[in-house]
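In: One predicted model, sequence on top.
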Amino acid sequence: MEQPIIKIDNFSGGITLSKRLGKDNQFCFGHNLDFTSDPGYLTVGPAWYNVQDAGGGNFSTTEFVEIVYCIKDGNTYLFGDNKKIYYLDSDGNVAVANEDTSLGNFKGAVEFNGYLVYTHRVDASNIYIGTKDLSQAYNAGYNHTFKSGLSDADYLPLFPVGDTLYFGNGQYVGKITDITSSSSVTTNALDLADNWQIRDIDSFGIRYLAIAANYYTSTNRPAKAKIFLWDMSSSSWNDEIIVPESEIKAIKFEGGYLWIWAGKSCNIYAVHETSRTPIKIWQFSREDPTQDLEVYPGAVISRRGTIFFGLSGEQTWPTGVNRRYYRGLTGIYSFPANPNRFSLNIPFYESGYNEDYKAIGVVRDEGDNKLYFSFDDSLGTIWLKREKTKSNELHYSDTGEFESFVYEAPKNKKIVTEAFGIYCDPLPAGCNIDMLYRTEDEQNQSVFSGFSTENATKKIVRKRVEARSLQIILKIRGTNTGTNYTYRPFIKSIFVTGHLEDVSD
């Protein structure tokens, strides 16, 4: 057998979203993959379950803007775009908890001191903080007008610190010290000055509140953005983090760093709690006036040191444009909360075009924290999904897809292959692997399909291909039948043998 002309034996770097550029252990694109459970190996990530409504069908009534699991009563509450509050019933299905006509558009929600607290806008003159006493049943204990007089702002985020609940209120930070008494609410504990609008709030270490705000000079897009740092007691903010973008989308403090999504392309920055300088960690694309991505504050969450976020709102490319070249970006992304080990993953990817992900939540179920998310697929259908990790579910039954970088022949040369293959740990029963390739014509061609030989450690297929460029594609699936719920394949390496030949005139 000839020498390998392509060999990939480390997948730990994650995706780059670039066809040709990246580190040796990275790859061009992938979704529903796992390259962290066994570092260096590649396998499939958790499958996804379509959460049902109370009638037993896939829930498709409304997109959710907040998903909050409450420790006090063990219920999960979901805040709909249709101004209704839902919950997960005893069967894990979605049912209405409250549909009072006095509810408005939800702007934020959080659990605080035995209460579910939410902000909502009925109209320009009636913006409220609402509460729900969690000691009462899921459909009782609501006070939608607990506090009135909030600013008519696009976002009214809430963030608890100890026995105080802080909230964004336009250009002000408000606070609540006693959730049972509206007289304890201060709507203007901190003034950021005119034209600043608070987008999101989180902590910045144990000393400061991080207040993400954008500066508007008109009703259109913001002109600049910064993070105000406040010790929660001084009459003014204490420090600032200047973000080199025109707007901030969302923030999250995790692992000693404040993570910031900013700019029209939702670039990711990190600021260590001892620093005031944001470092750009990731750039989805160059700023493009035709492209407008979004990360909603309710669509960012952390779990066990990993940050998950939903990327929304990419404009649809014109009809007839090759979408493989203009790959869609929207989906659920994740990365470890450590800039030194940053690697990007896409746990969920539908089509990537113009989808909307407004809410992600972590729900405690069967002793595990399960990821839930809501999205509009841009084709008129709403979905609520969760990880398929219940004890009797096939954990890895969805297919994950891997695409290598594009390997190009030198000038006046062509690639001539002899064989394609993989090496893997002994293949568990019921698992499945497909291998394909793509040349410069952008069409997928099969090498082998449905490889599932139990205990096999390699698969090699002799195949001659002549091409100027070559890209390798894998489709990986764990067990999708029987009772071996958690079986999945682990791929050690991919290779292509062959040689280079001169291109004849």
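Out: Arrived safely. Predicted, not measured: the structure shown is a model, and the values here were computed from it.
In: Could you tell me the model confidence score at the closest residue to Pro278 other than its chain neighbours?
Out: Leaving aside its sequence neighbours, Pro278 sits nearest to Tyr269 (C-beta to C-beta, 6 or more residues apart in numbering; 3.9 Å). Yep, even glycine has a C-beta here, placed from its N, CA and C like the rest. At Tyr269, the model reports a pLDDT of 98.
In: try Gly162
Out: According to the model, Gly162 scores 97 on pLDDT.
In: go on, Arg323?
Out: 44.
In: any idea which element the residue nearest to Pro278 lies in?
Out: Element membership of Tyr269 [criterion: DSSP states H and E] is strand 267-272.
In: So which bits of that strand are buried?
Out: Neighbour-count burial for strand 267-272, counted by 16 or more other C-beta atoms under 10 Å, picks out Asn267, Ile268, Tyr269, Ala270, Val271.
In: doesn't Leu165 make contact with Phe112?
Out: Yes: assessed by C-beta atoms under 8 Å, Phe112 is found in contact with Leu165 at 4.6 Å.
In: Show the contacting residues for the residue nearest to the spatial centre of the chain.
Out: The centroid of the chain falls nearest to Phe309 when counting by C-alpha atoms, centre = their mean (2.5 Å). Taking C-beta atoms under 8 Å, 6 or more residues apart in numbering, we find Phe309 in contact with Ala250, Lys252, Trp261, Val295, Ala299, Val300, Ile301, Ile332, Tyr333, Ser334, Ile360.
In: mind listing what the helix or strand hosting it pairs with, with the direction of each?
Out: Per DSSP H and E: Phe309 is located in strand 306-311. Paired neighbours of strand 306-311 in the sheet (DSSP bridges): strand 300-303 (antiparallel), strand 331-336 (antiparallel).
In: from these, which stretch is densest packed?
Out: Most buried of those by mean neighbour count (mean count of other C-beta atoms under 10 Å) is strand 331-336; its value is a mean of 22.
In: Using CSV, write down the CA coordinates of that one.
Out: Only the C-alpha atoms of strand 331-336 are listed here, as CSV (Å, rounded to 0.1, in the frame of the first residue of the first chain):
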residue,chain,number,x,y,z
GLY,A,331,-27.0,26.7,15.5
ILE,A,332,-26.1,25.7,19.1
TYR,A,333,-22.4,26.2,19.8
SER,A,334,-20.3,25.3,22.8
PHE,A,335,-16.7,25.8,24.1
PRO,A,336,-14.7,25.1,27.3
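In: next helix or strand past that strand?
Out: Per DSSP H and E, the first helix or strand lying C-terminal to strand 331-336 is strand 345-348.
In: for the strand holding Tyr269, packing partners?
Out: In terms of contacts (3 or more C-beta pairs under 8 Å, 6 or more residues apart in numbering; DSSP states H and E), strand 267-272 is packed against strand 257-262, strand 279-282.
In: Okay, now the unreliable bits of this structure?
Out: Residues of the chain meeting the criterion pLDDT under 70: 1, 286-291, 314-327, 505.
In: so Phe308 touches Ile332, yeah?
Out: Yes: using C-beta under 8 Å, Phe308 is in contact with Ile332, at 6.3 Å.
In: Mind listing what's buried along stretch 427-437?
Out: So for stretch 427-437, counting by 16+ other C-beta under 10 Å, buried means Leu427, Pro428, Gly430, Cys431, Asn432, Ile433, Asp434, Met435, Leu436, Tyr437.
In: which residue packs closest to the first one, ignoring adjacent ones?
Out: Think Leu427. Closest residue to Leu427 apart from its sequence neighbours, by C-beta to C-beta, 6+ apart: Ala456 at 4.8 Å.
In: Do I have it right that that neighbour meets Pro426?
Out: Yes: in terms of C-beta under 8 Å, Ala456 counts as a neighbour of Pro426; the distance is 7.1 Å.
In: now Val496: how far from Arg207?
Out: Going from Val496 to Arg207 by C-beta to C-beta, to the nearest Å gives 54 Å.
In: Who has more neighbours out of the two?
Out: Legend: neighbour count by other C-beta atoms under 10 Å for Val496 and Arg207, higher for Val496 (24 against 13).
In: which residues touch the more buried one?
Out: Val496 is in contact with Pro4, Ile5, Ile6, Lys7, Thr417, Ala419, Phe420, Gly421, Tyr437, Leu470, Ile472, counting by C-beta under 8 Å, 6+ apart.
In: The third one: neighbour count?
Out: In other words, Ile6. Neighbour count for Ile6, taken as other C-beta under 10 Å: 19.
In: buried stuff in the helix or strand where it lies?
Out: Applying DSSP H and E as the criterion places Ile6 in strand 4-8. Buried residues in strand 4-8, counted by 16+ other C-beta under 10 Å: Pro4, Ile5, Ile6, Ile8.
In: thought the first one was touching His499?
Out: Looking back up the chat, that one is Pro4. No: distance between Pro4 and His499: 10.6 Å, which falls outside the contact criterion (C-beta under 8 Å).
In: mind checking how far Gly108 is from Pro157?
Out: For Gly108, the distance to Pro157 (C-beta to C-beta) stands at 5 Å.
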